[in-house]
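1. sequence first, then the predicted structure:
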Amino acid sequence: MKKVLFLLIGTFFGIVLYKSEAASWFRIYEMFNFHSFHMYGIMGSALLCGILIVQVIKRRGLRDFFGYQIQIRDKENKVTRYILGGFLFGMGWALAGACPGPMYVLLGSGAFSIGVVIIFAVLGTYIYGIFKDKLPH
C-alpha cells in the first residue's frame, strides 16, 4: 500500500513539475542567467511552504498518514559541508540542466537524452555510498 501511495504522490509531483515548467531546460537556463523570475518564484514559494509546514509539524506533534509520529532531527552546525554540497549540487544542476526531480520528469516527457544524466547521477550516488564512511562529514 505504501509503495502505491508513494507512486501516486510521485506521479502527481511529476505532473506539477511538468505543467509549471519547472522541468523545462529553457526555464532553468533563464534562471541561471537571471533573465526570469519564474523558477525563483517556484522555489521561493516551495521554501516558504516547507518552512511553515515543518513548523506546524514540530509544534503540533503531527502524525503521518500511517499514524507514526513525524520526527525531524536537528541539523549539524557544520557550515562547510552545506556550502560545498550546495556548490556541487548547483554545478551539477547547471551542467545537466536539471536537478534530480525534474530529470525523471524530462525522461517521462520524451527527452531521452537525459537518460545519460540519470545513469551518471545514479552511478555517482552508488560511488558515494561506497566511499561514504571514508569521507569527512
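-> Arrived safely, thanks for sending. Numbers count the residues shown, from 1 in each chain.

2. which secondary element of this structure has the worst mean pLDDT?
-> Sorting the helices and strands of the chain by mean pLDDT, DSSP states H and E puts helix 25-32 at the bottom, at a mean of 82.

3. now that helix: buried residues?
-> By neighbour count, with 16 or more other C-beta atoms under 10 Å as the criterion, the buried positions of helix 25-32 are 27, 28, 30, 31. C-beta coordinates here come from the backbone N, C-alpha and C atoms, glycine included.

4. helices or strands up against it?
-> Applying 3 or more C-beta pairs under 8 Å, 6 or more residues apart in numbering; DSSP states H and E, we find helix 25-32 packed against helix 38-60.

5. now do the helix it packs on against helix 25-32, angle only.
-> Orientation note: helix 38-60 sits at an angle of 80 degrees relative to helix 25-32 (axes from the mean of the first three to the mean of the last three C-alpha atoms, to 10 degrees).

6. neighbouring contacts of helix 38-60?
-> For helix 38-60, contacts defined as C-beta atoms under 8 Å, 6 or more residues apart in numbering pick out 20, 21, 22, 27, 28, 30, 31, 62, 70, 72.

7. may I see the buried residues of that helix?
-> In terms of neighbour count (16+ other C-beta under 10 Å), helix 38-60 has its buried residues at 38, 39, 42, 57.

8. give me the neighbour count for residue 98.
-> Applying other C-beta atoms under 10 Å, we find 26 other residues in the vicinity of residue 98.

9. can I take it that it is in a helix?
-> No - with DSSP: H, G, I helix; E, B strand; the rest coil as the criterion, residue 98 is assigned coil and is not in a helix.

10. go ahead and confirm it touches residue 114.
-> Yes - the criterion here is C-beta atoms under 8 Å, and residue 98 meets it with residue 114 at 6.6 Å.

11. quick one: common contacting residues for those two?
-> Listed as contacting both residue 98 and residue 114 by C-beta under 8 Å, 6+ apart are residue 106.

12. before we move on, which element is residue 106 in?
-> Here residue 106 is covered by helix 100-108, with elements defined by DSSP states H and E.
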